[in-house]
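**Q** sequence-free structure coming up:
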């Protein structure tokens, strides 16, 4: 996301966009099994710090975080 000011805002329902942002941020620092072992508290903080993410901590749910983890794994697999 080189030109953040031209990117659309990202919301909790945008699981794939969030996953792409996490992959861009961390690259191959985490493999498939490691992604599934990330604590939700850490994952939540990382998501909230993504450029253009406009969701709030209060809007997050365990379901959102699980879907984001799965999408992140698929993003990681696509880049291997």
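**A** Sure thing, it's come through. Please read all numbers here as calculations on a predicted model, not as lab measurements. Numbering: from 1, shown residues only.
**Q** Low-confidence ranges, this structure, go.
**A** 1-5 (pLDDT under 70).
**Q** distance between stretch 7-19 and the chain's centre?
**A** In this view, stretch 7-19 has its centroid 8 Å away from the chain centroid, taken as Cα atoms, centre = their mean, to the nearest Å.
**Q** Surely residue 47 touches residue 53?
**A** Yes - using Cβ atoms under 8 Å, residue 47 makes contact with residue 53 at a distance of 6.2 Å. All C-beta atoms are positioned from the backbone trio N, CA, C, and that covers glycine.
**Q** Would you map the helices across the protein?
**A** 15-26, 32-36, 40-48, 62-78 (DSSP state H).
**Q** Redo those helices as TSV? Include mean neighbour count and distance to residue 9.
**A** Converted to TSV, the helices of the chain look like this (neighbours: other Cβ atoms under 10 Å; distance: least, Cβ to Cβ, whole Å):
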stretch	mean neighbour count	distance to residue 9
helix 15-26	19	10
helix 32-36	13	24
helix 40-48	14	13
helix 62-78	17	16
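**Q** can those helices go into CSV with extra columns for distance to residue 8?
**A** Below are those laid out as CSV (distance: least, Cβ to Cβ, whole Å):
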stretch, distance to residue 8
helix 15-26, 8
helix 32-36, 25
helix 40-48, 16
helix 62-78, 17
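**Q** Next, the distance between the ends of stretch 42-56.
**A** End-to-end span of stretch 42-56 (Cα to Cα, to the nearest Å): 15 Å.
**Q** Over to stretch 20-34?
**A** So stretch 20-34: terminal residues 16 Å apart, Cα to Cα.
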